[in-house]
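# Sequence and predicted model, in that order:
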Amino acid sequence: MRGRLTRAVTRVSLAVALLGLIAPTATAAAQPAQTVRTRTVLLPLNGTFDEAGAEPIAITGSIRVTVITRTNPGGGGTALISSALGRTTGIGQETGGTYRFVGADATTRSYPPGPITPLLVNPVFLKFWPPGPVVPPHPIRPVQVGVLVAGNGNITNISATIDRGIENPDN
């Protein structure tokens, strides 16, 4: 009798354990999964930045842009846009002086469930004007990064251009 009881308890325990393993899977399948997509590009930079109150600077270099999208249930979501300058320098058009640009920036933007949404950001970088070894950096927004994101999180295009000096107060 004791052997039958032990076997019955063992069978019931196994059945309960199997139900415990199956139930979370069924619950998770009922909820829409969040989709995460990532894309990274290295883009050349070449153009003139004309900051208010400073000389125009002819900039050359590169920027690495990484975009990570996360969808919401029902469509749309958020995009994390990370930008980092590679070796980027500029020549002052009035003084002929060499400027250095460095830095990285990250911005989060929401996108709707619509077909394609353009996201524009102006990341903040640092500008150095070096005649001396210790120079305080000057934060600027010399680049405009553009990303096209579909409502399902697909990243269809990433671009970067030198911003001609038009400030965007929303960034």
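It's in. Numbers count the residues shown, from 1 in each chain.
# Tell me where the model's unsure across the protein.
Within the chain, the stretches with pLDDT under 70 are 1-32, 130-136, 165-171.
# what sits against the residue sitting nearest the centre point of the chain?
Centrality entry for the chain: nearest residue to the mean C-alpha point is residue 81, 2.0 Å, by C-alpha atoms, centre = their mean. Applying C-beta atoms under 8 Å, 6 or more residues apart in numbering, one finds that residue 81 lies in contact with 65-67, 106-109, 119, 121, 123, 145, 147. Glycine gets a C-beta too; all of them are placed from N, C-alpha and C.
# Columns secondary structure and neighbour count on top of the residues you listed, output as CSV?
Converted to CSV, the contacts of residue 81 look like this (DSSP: H, G, I helix; E, B strand; the rest coil; neighbours: other C-beta atoms under 10 Å):
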residue, secondary structure, neighbour count
65, strand, 22
66, strand, 15
67, strand, 24
106, strand, 13
107, strand, 17
108, strand, 13
109, strand, 17
119, strand, 20
121, strand, 24
123, coil, 23
145, strand, 24
147, strand, 23
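# Stretch 104-118: how far from the chain's middle?
Relative to the mean C-alpha coordinate of its chain, stretch 104-118 is positioned 9 Å out (C-alpha atoms, centre = their mean, to the nearest Å).
# Contacts for it next, please.
Applying C-beta under 8 Å, 6+ apart, the contact partners of stretch 104-118 are 69, 72, 74-85, 119, 121, 123-125, 146-151, 156, 171.
# Can you give me the buried ones in that stretch?
By neighbour count on 16 or more other C-beta atoms under 10 Å, the buried set for stretch 104-118 is 105, 107, 109, 111, 117.
# now the helices: where do they sit in this structure?
Remark: helices assigned in the chain by DSSP state H are 2-30.
# Nothing else from me, thank you.
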